Every structure is written in C-alpha cells, then in structure tokens.
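J.: Predicted model and sequence follow; I will ask about them next.
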Amino acid sequence: MSDSEEEQVKQAPIIKPHQKQQKDFYAEQLQANEEADSQAPLLVVVQGPKGSGKTTLIKSLVKHYTGQKIKKLVGPVTVRSNKQHRVTFIECPSDINAMSDLSKVADLALIMIDASIGFEMETFEYLSLLNNHGFPNVMGVLTHIDFFKDNKQLRKTRKKYKKRFEYETGGNYKLFYLQALKNEYYLKQDIHNLARFISIIKIAPVRWKTEHPFVLADRYEQGKDNTTTFYGYVRGCTYRLNDRIHFVGQGDYYIESFEEVLDPVEIITTQKKHRSLKDTEKLVYAPMSSIGALTIDATAGYITIPQPIFTEKNKFVNQEEEDEEEVEEEEEQELPEGVKMVRELQQMTEGIDKQLEEEEDVQLLEGFELEQEQPIKNKNNQQQIQQQRELVRLKNRVNIKIENGTVLPISDTLLATDLHELIYQNKNGINEFDSVRYIPKVQERDSYKEIKELFVTGFYGQSDVVDLEYLQKQIEEEEQEEKQEEQQEQEKQDQEDKQNQNQKEKQNRQQLVNQLTQSNLGLYKKGTYVKIVIKDFSQQIRDDYPMILARSEVGEDNLGFIKIRIKKHRWHSNILKSNDPIIISLGWRRFQTIPIYCVQDPNDRLRFIKYTPEYDYCYAIFYGNFAPQGTGLVCTQSLSNKLSKFRIAATGIVLEMNHQFDVMKKLKLVGEPFKVIKNTAFIKGMFNSSLEVAKFQGGLIKTVSGLRGHIKKPSKLGPDGSFRATFEDKIQMSDLVFCRTWVRMHLERFYRLITSDVKLMKTMWELRQERQIPLEFKADSAYQDQERVPVKFAPLRIPNNLQQNLPFESKEKVKSLSFREKLRQQVEKNLPVKSNMTDKEKEVYSLIQRLNTIKNEKEKKREEKDVQKQKIKDAQFKGQKQHLEEGKRKYKQQKQKEKFIKQVKKQQQQ
Amino acid sequence: MISFQQVINFREILLCSTLSERAVKIEFSQYPGPHLQTMLKLLQIIQTGCKIDVNTKGITYIPGIITNQDGMLQTYNCGVDRSISYYLEILLVLSLFGKAPLNIELNGITNDNTDQSVDSIINAYIPLVKKFIPDWDVSLKVTRRGFLAGSGTVILHSKPIKQVQSISLIERGPICKIRGVCSGSKVAPNLLNRVVSQCRNVFNDYIPDVWIHTDLQKSQKGIEFQSGYAVSLIAESTNGLFISCDCEYSNEFNNPENVGETAALRLLDEIKNSGCVDTTQQQYALLLMAISQKKVSQIKLGRISTHTIETLRIIRSIFGVTFNIEDSVFSCIGCGLINLSRQTQ
C-alpha cells in the first residue's frame, strides 16, 4: 500500500464490532466444545502474494514434522505433529474465489509478507475476507528479511510492519520473521519456533464453522458413470447425514454413499512413556502431491512411506553389519502384505502388462485383504444389537400391528432395540391416522391402588418440626461446638465433591455424545475420516483449488430476499449502483445477484437510493440463499484476477430474511394551475385521466412556494385528468403544484451460483463498453442556461383613501424624519473628526505600535527559518528513499548475477 | 421436495415442513376432512411467500416465512370440524419461529372428544414448551367456552425466540399436586360441583392436595351456547412436570359422576403408564428436542402412542434427526434450528 495510507494508521488497535460479538460467543462455545473429544486436524491456510514463499514454508514445515521432502506440492498436506494433534496445511492461490473459500474454513491463517516489497493488495484483501467470514487465528510471517543489510533499517521496517499488522488484525496477532533460505528451506530454528506456536495455539471458535460441518477433500477419484469419490476429514462440527451436499464453487449434488473409512493419520491413543513421536509414527499424508507415495487401488486406499521400508534396506544401506541383516530377514516375514508386494514389484524385470499377456490368471492381490474398504462402525456393538434382536424374536414372535389408538408399552417383551426397528424400519401403518389425543383405556378403580407410592404429600423433602423447644435448645448448645467443626470439614468436602461432580458431569455428557455418534444414527463426529461418493458429477476439478464439501443447515437451501447492512469497502475505487449485478459470497455459497440499495427513514420506510453512500452504511436487498442473521458477507464486482484495483467492493452483515420487502422510491407528480378562484384552483397535467384522479382523492399537494392543499375532485374543465383542489391560501398562476407519492420498487429475482463454467451477467456499463453504445441523451435532463431578468417591482403607491386616514406625521407629503434617522443622516454626511487623546496617551499608543512592529519582524524571520528547515528535512528523506531503492536494485542485480553464474557453471559442467 | 404417500396425518408434516422451510408433497389415501382447508388457510395467514396447491389427490406445500402479519391482531374461525386446540398445538410451536409476535383470536370449540381441551394446553402443554424456552413470553386466555357448536373464543399472544434449548428430563418425581378445571355452559351449576366431588372421591385414596376449579359460561346476548360440560385434570410432580387428561360429557358418559370418575381414573392411568410427559403430548416434546440446539437432549417416556411413531418418522424424513432409544429414554442431538425469520438491527 502507498505511504499515505500507512500514515493513516492510528496508534491503538481498534476492536472491530464483529470481534465484540465473537467475544460473547466464546463463553457459549466453550461449553459446546467439551462435548467433542476428538478434534479434526488443525487447518492452516498459507496465504500470500506471488513469490512470498508459501510453498517453501509448507515444505519446510513438513520437513520439520516428518523429515519428508515434498517434490511438488498440490492440495492439502496432513502431518502428525504430536500424538494427539494433527495439522493440515493448504496453500491459498491468489484467485479471489479460492481466497474467499479458504477464509471460511481456516482455523489458522499464515499470512506471508515479502519484507523487501511490503504489504501487498492480496494481503489486505485476504484480511478483510477473514474479517467478514469470522475472524480465525492469524499469524503473520515476514520473509525475505535478508534483503535488509543494514541492521538499523531492518529494525525500523520491522516495527513499521508490526504496527500495521497489529492495526489490521485488531491486536490479535503474532508476527514471525524468517531469515534467509538454506538449501531451499528456511532455517531450522525459525521453523521450529513457528511449529511450536502452531501446535500450542488455541483455536478461536468461528460461529459459522461451529454450526456448519464441512469436509475439505484430501483427494478425489473420478469413477465410471460420473460418480466421484472424495476423501477427507469432517471438520467444524458433528456431521448429520443428509441426502444432499454442497460442493463449494460447483453446486449442489446428491450423495450416493457416505461412510467412515480408515484414518490415514490416526490419533495415537495408547499411552506410552515417550511423549515424542517415534520415527515410524511421523506421518505425512499428501495424496495429491508427490512425495513418492504409492496409491494401490481406486477404492482401497493408499500406502504412505514414513520410512524407506518399501525398498529393501540392504540395497542402499551398505554400511550396516551382517548381524543386522539377519534381523531384517526376520522382520521381513512380519512385514505387511502391501510392503511385500511393493518389494516384489520393485524386483520385477518385466511390466505387469507383459506378464498379463503371458498368463491369463494373474492374481494381483494375492492374499491381500482390502480391509480399508469396509466401513468400521464398532462391529462389536452391532453384533450385540443383532443378537439381542434375534433373542427377542425367538422368545416371543410378536407380530405387532399398529392400529389407531393403540400404544406400545415398554416392557420385557419389547426391547428398546426392537422399538427402534419398529419405528424406523418397519413401514407398518405409516401416517394412516389423523392426529387425535390419546384416550387411556380405563381399568377398574381398585387396580390403581398399586401406584399409591407415586404420590407424595405434606412437606416433601423436609423433616418434621420437633415439639419440645426447650429440650431442643439444650441439645443445640451442646452440639453447636461440634457442629462448627463439622461445618468446616463439610465445606472442604463440598468443594471437593463439586469438583468431582463437575468432572463427572463432563464425562457423562461426553459418554452421551459418544453413545449417540456410535449408535449408527447418521452422525459423524468431527475428526472422522470419511469417503463421500457423489452422483452425476460432471464438472472438472482443478487440483490447485480447495475442494470443500459442505452441508447447509435446515432452511438454508431456500431462496428468498435478504436484507443486509452493507458498506462500500474504503479502498474500492467506485461506489456501487442499484440494480447492477454483483457477486456475493455468503455462507458457503458464492452467487451473482442484483441488489437494491436503500436507507431507512425515521418512519421505518425503506427508501430506495441509486448509489451506495461513499463512507456510510446502507441497506441492500437481494435475492439469494438464506443464511442465519449475523452472517458476514463479501461482495466483489468481477471474478477477474487483475490486480489493477482492490477487488473487494463491499462488506456486510445479514439482518433479515423475507419473501417480500417494500422498498419505496419517491415520485413527484407535477401539475400546473389553469384557473384560480380564491383558495380554489383547477390543476392540469398531473394525471392522465379522471380515474387516476379518483385514486388520489384527498391526497396532499403542495406548491413550490410552500402552500399546502388537497385534491378534491376531477373536474370537467380543462384537459382530461385535471382536477379541483383547495389550498390554505390563494395560489398564483405561475406556481407549480407537486404531489409527493411513493412507488414500490420491483425486486429482481435473479440468482446465479458461481461455478467453474459460469457465465456472468454484465452490468450496463460493461455492455456499453463492449458494444460502444453511448449514454442516452435526454433533452429534458440537460441543464440549460437560464437568463433571469431581475424583477422590477412597481413603486409603492399608497392609495388615496388610506393616505387620508393616516396620522399627520406618517403622511407621505409631510413625513418628518424620526430623531434617530436624522442623527444617522447627520453622521453619514459629516463624520466627526475629533480626537480625544491626550499627549501621554499618544505616546503610549505609539510605543505599542513600535513594539508590535518589532514582534512581527521577529515572527517573519522565524517562519523563514522553519521553511528552510523543512526543506532540508525533505531533502534528507528523499535521499534516504533513493538510497533504499538503489539498495533494492543492487540486491536484485546481485541475485541475477548469482543465478547467471550458477547457470553458466551448470552448462560448463554438462 | 419431500413426498409423503398414503397419508392422512397431514398436520405434523405441515408443521415440520413450515419449521424447516422445506417443501413437501402429500398424497392422501383418503380425504382427511374439511379441517384440511381450515389448517391451510391458517398457515397462509401467518406466512408470506407460502404457496399451496391443492388437488383431488393431495397437496403441494411450499412454506414461506412466518411473519404473523407484523404482530397485528387477527381473528380466525376454526370451524366446528376440529376443536381450537387442534390448531393451537402447532400454532404455539410455529409462533416461536416468527418474525413478529403472534396475536390471534381463535373462534371454535374449546372442549371436545377428539382433541385435548384448551385448559390442558394452558396448564400442561405450555409449561412443557417452557421447559425448552424458559423465558418465553406467552399468554393464552379463554374468553368464552364453546361446546360442539363452536362459540368459544381463545386469545393467544406469543413472542418469537431465537433458538430452542436442549433439555434432559429423566426423572419425573412423585406427584404432589392435582389441579383441574371443570367447565360447562348452559347446564345447572350444581352439575359441575358433582363432577368435582366425584373426582375428589377417587383421589382421596392417593393425595389430599386436590383443587379443581369450576368455570361456568355465563350467557351473553346474541350468542347461542350449546349445553355441555367437561373436566380437565393436571397432575404436577415435584420436578415441575405436568400430566394432563380430559373427559367430556358424551353419550357414553352422560352423568356427572360418570364423567368425574372416568377423568380421575384416566389421570391415574396416565400417571401409572407415562414417563415425564403424558401420552398425548409426547410427540411435541420429541419434536422440540429434534429442533433444539446442537446438544444432547433426553427424555424418559412411558408408553408410546402410534401418533408418536408417525411423528418420529416425519421428523427423520424432514429434519434428519434419528432418536436413540434405550430403556425408554429417548435421546438425540438437536438439529439446531435457528429462527431465520427473526428481525435484527
């Protein structure tokens, strides 16, 4: 950003309104968080402008965690950071679509800043995207620090960047500095620090995410019949199975199957002495990028290589002694089938296709059971349930028929599991009775005697009062001392009990949640690794884009009008126009729609405005997908990736949803009088027919001069549509008459989901540019030069009749001037030049004058000096800037030279 | 669009559909009756953007947003086909998810043989809903009694809320109070006292704290009242849970002693066989649990009525909430329904 904007930065960080809301939300959320013991991998989005070192950072972090080197980075990378904690890294492209999608899902955003260039536009765009989609944790990473050779300059720039970053993130930030590269990776110490902070971070709950589960797909496979399979972790919150899913940026699809599969980077639950990870436990899962991982089959899963166990050790580990080889042989027998196979494949001389030609029956997967294929859902639990069911059926082959008015008693004959089946699987008699109240079938009166124990009388829970008060007192005095001691002990115990109880409650709640998620009701806890098969998916998937499969909540699939509070972004260059299509990113969806901007009058009327205000909030109403109130949204005007101007046009918040809004536009009807009789006037030109007049009978009208009146009745005089009106005073023929009315604006039902092959609606301006259509010229709207003749009023003439009645003094002919007027005339004629000063006073006056001139002279000189000083300062500052630019240029030249030399050397070697 | 085939029980489907704002298609196995039209008209009154298509086979219902006519007082005639409480039961739930408070005057039958009485709704149904929404601002008043011909009037005022909270009702606790309302119109005042005394006669073996009010409709000019009387009994437990039951004058129970004894025995039967909620209202408790916030809620039920089973099926097909049943405790994680029509500034 330019220097002028950086100067605007204020000292104290501002707490923005959304963050205030967020704070209130934390308290609620903490309670809910208890109920989810398993966490999905921490999603770290690495964002930054081109060349700021995003890929290098992810590569070095992966190397730090696992020791693996990623050759080509595509899609998300999941690593195990410690036994309980997993981290997923994903790189954010600078495309506005991907940026807005990834700002919605991020748990932590690493914002890369090139220190040699400074803050770039993408950084600010991404920050404001994060701001409006709920603010997750943010960390800034300054790279290219080695650009600054001068230590003092480095310190200064660091401070400057820190201040700016603090302002933008509202004080909730952390800024890291990454020094030079070493062997294409960042320095070990720097990365170690960063990794530590990533692993200890407390995730700030984002409202949208905690209510909307989603899956960020690790990988996908396109099968036959347009079915596509996606794999990924359930994130956000517990996933409730639904028949539909929304592929962000592609549209809604029906799910064919949704099942839990083996987690590639499992949490290690077994408790062992060592807290740190073994080398075998260090895992990286990046199916789309190339680490040398091996994919076996389309549906069966994959093999990741944490260690080179797939290659035979003695091939390249020659230094080891012979004793160890024996051990290896033993190990080889215990090796899993997959590893054996790969080793066999490595030893093969011929390709599989050639072998296939030779032999007809080649069993590729000999003795290899694809266990991963089966969904794992607590086999033991299911078996138990089935056994129970069978037992029940054997015991009493109850053939329950549901009839109107019957009830199902829960007793020994009907187990809960069977009831579950009866309700949800048995189709017997669904919805065949109209709802009525249940009328119990009454038995004989005596048969209810047994329930007497269900009743209670008197002071339930309280002990009876002792009658002998005297005795009681005596005993009390004796017991008081003992009681005090007991009380103290009890208080201690109570506290302990409370703590225990709280823990127990937590555990109980957790057990309940676990019970529900494990009991096969279509619930998937967050953190489970799932496989989703989607039908009829014909879109092409871009690997470098995030694949987010999201579930929208009840009612959020619906379309309707949404009222939002909107503000044009302060850095967007132009204001927004009503009825111009705009792209809105709201909830999971991005869509193009046509908004109407309005403001609210004091009487709650929504008044149409043509353009958004420059610096103020206004309301907007558009047709779109419903989202809960308080959801943030971001508007853009186009999807192009040109960085010529700030891409985020406006930001807003959802206020209200409805299927109909009354947005009114002011309409002034103008008429002119053609006949005036006292307070009555006949007006033409306002309406076209007497029918129209009839509709407006009794309406308020007003002249330009401010006289108010009513529309009375259509008149037969004059052209059609003229009417009679009365005013509070006689109006003039030259006056114009206005009738102020309100017209309901038509709200456009236009909605287009943004997919990869969407054709966007164009704005009028774009169409005009494209087809070279000039603006319509309306002769009426053009300004005309008006020549106004100064009004010449006739001289005041007092009627003779009146003059006669006037008092003698006021008569025109003999009108004598008042004393004051006489005095004024005298003063005007000859101003008195009379000095009242004495000689002494004169001296004082002259002295003051002289002193003043001295003072003025001094001030003049001082100002001149200040100007000169300022000039020197400016010159110094310019010199600094030039020096800096020179330094940059030299740095680049040096780098180029180094590169060139390297290339030459390489060529020479070759 | 979710389709239901071979259906008569349209009310719960329409309720769930309106709450979730998901369109439904219902095919009837037989025409339910004129109360279908009354119900659809009522739904249209309180909503905007609602589209209903009725034909001979069934209806297509696209719900809109519940605006309650911006809180204006409306009057609606519920007809004589079903009683007012048939509509009140779902109207109370729908009013929770409105834009403005619901102010409505309903005319029709207050006590009849097929639905629970308005008194049971006031004394048992509303306290049940209040378990889910502790600070719910609601008032329901009976201004006039109506038997059979439907000259009764009820005024409902209910404020919308943001979200339904989760609950955990496992223990009912022993019954400590029995309350009731014995209402009648165009009958001798003595008759109601005879009903009350007969009720007391039954309860005397169990509990002394019995208090049954009598409410006799006074004659008003220009309004024709039908004769009839009914009693609504409510048992309150120490944990603040209510169990209700009703009994009306009919051909079967045609003398006051008979009505009183049947009512009392029915209440005893309910106390014996039901859990934390009585058999009639258990389906609404389960529905509220399904739409509550995303936490575990659980409730202990006794016998399960067939209507509850139907409602559970409807809940699953519309909200996707399946209940876990273990030892007559129904538990689920709510779907976290948020009042989307609410107004914010």
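T.: Looks like it came in fine.
J.: Now that we're looking at the closest residue to chain B within the stretch 651-800 of chain A, what pLDDT does it have?
T.: Closest to chain B within the stretch 651-800 of chain A is residue A:659: 2.6 Å, counting by C-beta to the nearest C-beta. Heads up, the C-betas are built off the backbone N, CA and C, glycines and all. Residue A:659 is assigned a predicted lDDT (pLDDT) of 92.
J.: now swap in residue A:22 and tell me
T.: We have a pLDDT of 52 for residue A:22.
J.: Equivalent analysis for the one 10 residues further on, please.
T.: For residue A:32, the model assigns a pLDDT of 45.
J.: ranges for the helices of chain B?
T.: B:10-20, B:35-46, B:84-96, B:118-120, B:126-132, B:189-203, B:256-273, B:282-290, B:306-319 (DSSP state H).
J.: tell me which residues in the fifth one are buried?
T.: Neighbour-count burial for helix B:126-132, counted by 16 or more other C-beta atoms under 10 Å in any protein chain shown, picks out B:126, B:128, B:129, B:131, B:132.
J.: Ok, the longest one next?
T.: Within helix B:256-273, the residues that qualify as buried by neighbour count (16+ other C-beta under 10 Å) are B:256, B:258-273.
J.: starting at the chain centroid, how far to it?
T.: Going by C-alpha atoms, centre = their mean, to the nearest Å, the spacing between the C-alpha centre of helix B:256-273 and its chain's C-alpha centre is 20 Å.
J.: same question, stretch B:283-298
T.: Averaging C-alpha positions (C-alpha atoms, centre = their mean) puts stretch B:283-298 16 Å from its chain's average.
J.: What is the end-to-end distance of that stretch?
T.: 13 Å (C-alpha to C-alpha, to the nearest Å).
J.: What of stretch B:276-287?
T.: Terminal-residue distance, stretch B:276-287 (C-alpha to C-alpha): 15 Å.
J.: and among the helices of chain B, the most buried is which?
T.: helix B:118-120 (a mean of 27; mean count of other C-beta atoms under 10 Å in any protein chain shown).
J.: neighbouring contacts of that helix?
T.: The contact list for helix B:118-120 (C-beta atoms under 8 Å, 6 or more residues apart in numbering or on different chains) reads B:83-85, B:88, B:110-111, B:140, B:142, B:152, B:154, B:180-181, B:183, B:232, B:234, B:244-246, B:280.
J.: go with 7 Å
T.: The contact list for helix B:118-120 (C-beta atoms under 7 Å, 6 or more residues apart in numbering or on different chains) reads B:84, B:85, B:110, B:142, B:154, B:181, B:183, B:232, B:244, B:246.
J.: Equivalent analysis for stretch A:687-706, please.
T.: A:708-711, A:713-714, A:720-721, A:723, A:725, A:731, A:735-739.
J.: mind checking which helix or strand of chain B has the lowest mean pLDDT?
T.: Least confident helix or strand, chain B: strand B:324-326 with a mean of 82, by mean pLDDT, DSSP states H and E.
J.: Tell me the strands beside that strand, with direction?
T.: strand B:329-333 (antiparallel) (DSSP bridges).
J.: could I have the strand it pairs with exported to PDB, CA atoms only?
T.: Extracted in PDB, the C-alpha atoms of strand B:329-333 (Å, rounded to 0.1, in the frame of the first residue of the first chain):
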ATOM      1  CA  VAL B 329     -35.100 -42.900  27.300                       C
ATOM      2  CA  PHE B 330     -35.300 -41.100  24.000                       C
ATOM      3  CA  SER B 331     -32.100 -39.100  23.300                       C
ATOM      4  CA  CYS B 332     -30.900 -37.200  20.300                       C
ATOM      5  CA  ILE B 333     -28.700 -34.300  19.200                       C
END
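J.: returning to that earlier point: OK, contacts around the residue of the stretch 651-800 of chain A closest to chain B?
T.: A:560, A:561, B:48, B:49, B:64, B:65.
J.: is any part of the helix or strand encompassing residue A:743 close to chain B?
T.: Take DSSP states H and E as the rule and residue A:743 turns out to sit in strand A:737-744. No - shown here: strand A:737-744 not in contact with chain B (C-beta under 7 Å from any C-beta of the partner chain), separated by at least 14.7 Å.
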